[in-house]
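Chemist: Fold the following for me, if possible:
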Amino acid sequence: MRATDRVLLALSALGMVGLCWLVFVHIPLEKTQGFVQKIFFIHVPCAWVGFAAFTVTAVMGAVYLKSRNPDHDRWAAASAEIGLVFTTLVLITGPLWARPVWGIWWTWDVRLTSTLVLWLIYLAYLILRQTVSESDRKATLASVAGIIGWLGVPIVYMGNRVKASQHPAPVVGGGEDSGLAPIFLYTLLTGVFTLSVFFAVLLRARVRTARLEDRVEELLIDGGRH
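Modeler: Residues are numbered from 1 along each chain as shown. Next comes the predicted model:
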């Protein structure tokens, strides 16, 4: 393991410990929602990482279309895989939070529906990568799909800002009444930082694995020719 990876892994581990202490020991219970509101400090950072991951996919896809460097495509694919995992966590933690508060697991609210659509888009992106065998064509199609799919990120983000929504209003960067008490804000920021660093750890590890997988495939092809 490289020194950079060790540092990132240590930071994410320390951050996880600190986040757990803040969420389950330090911060008080929210007045109206009680204990279940603590899901917020996982739910929102997971959404942030999902957005960041899909942004990396779109950016690296665009870079690949210009460079035709397979490594750029590896970064795009790896980031999409991780982004899909974190968005899945968003779709799991959201209903777990909603059920005690709203009385239902799911509603076809603009924020929830657009998040599900975003998840389906990148699931289709990964399925596309599995169904196209020719590497250059696969990378090109996936790059275009990843760029177009990214348009779902601002739609999800702006959904409950431009249309009335059952989903809670933004607490950071919202209207005049938005905002968090300092103790809740730095707990949220700790979660965002920790999961962002963990995303970097996972992304670097997945890209290295992808490089090895491609190298093994090349050796198998060369071996088959001989």
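Chemist: neighbours of Val110, just the number please.
Modeler: Residues within reach of Val110, counting by other CB atoms under 10 Å, total 19. Any C-beta I mention is one placed from the backbone N, CA and C, and that applies to glycine too.
Chemist: Near the nearest residue to it once chain neighbours are set aside, how many other residues are there?
Modeler: Among residues not flanking Val110 along the chain, Gly159 sits closest, at 4.3 Å (CB to CB, 6 or more residues apart in numbering). Gly159: 18 surrounding residues under other CB under 10 Å.
Chemist: can you check Phe40 too?
Modeler: Neighbour tally, Phe40, other CB under 10 Å: 21.
Chemist: Work out for me the element it sits within.
Modeler: helix 40-67 (DSSP states H and E).
Chemist: What residues does the nearest residue to Phe199 once chain neighbours are set aside make contact with?
Modeler: Nearest residue to Phe199, sequence neighbours excluded (CB to CB, 6+ apart): Val49, at 4.8 Å. For Val49, the contact set (CB atoms under 8 Å, 6 or more residues apart in numbering) comprises 82-83, 86, 195-196, 198-199.
Chemist: so which of those comes closest to Leu19?
Modeler: The closest of the contacts of Val49 to Leu19 turns out to be Leu195 (CB to CB; 8.6 Å).
Chemist: by how many degrees do the helix or strand harbouring that closest one and helix 40-67 diverge?
Modeler: Element membership for Leu195, per DSSP H and E: helix 182-225. Interaxial angle, helix 182-225 versus helix 40-67 (axes from the mean of the first three to the mean of the last three CA atoms, to 10 degrees): 40 degrees.
Chemist: Show me what helix 182-225 is packed up against.
Modeler: helix 3-21, helix 40-67, helix 70-102 (3 or more CB pairs under 8 Å, 6 or more residues apart in numbering; DSSP states H and E).
Chemist: hang on, isn't Cys46 packed against Gly94?
Modeler: No - judged on CB atoms under 8 Å, Cys46 makes no contact with Gly94 at a distance of 9.5 Å.
Chemist: one step back: could you redo the helices and strands packed on helix 182-225 as CSV and give each row distance to Leu141 and mean pLDDT?
Modeler: Supplementary listing: the helices and strands packed on helix 182-225 in CSV, determined by distance: least, CB to CB, whole Å; pLDDT from 0 to 100:
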stretch, distance to Leu141, mean pLDDT
helix 3-21, 31, 94
helix 40-67, 10, 97
helix 70-102, 11, 95
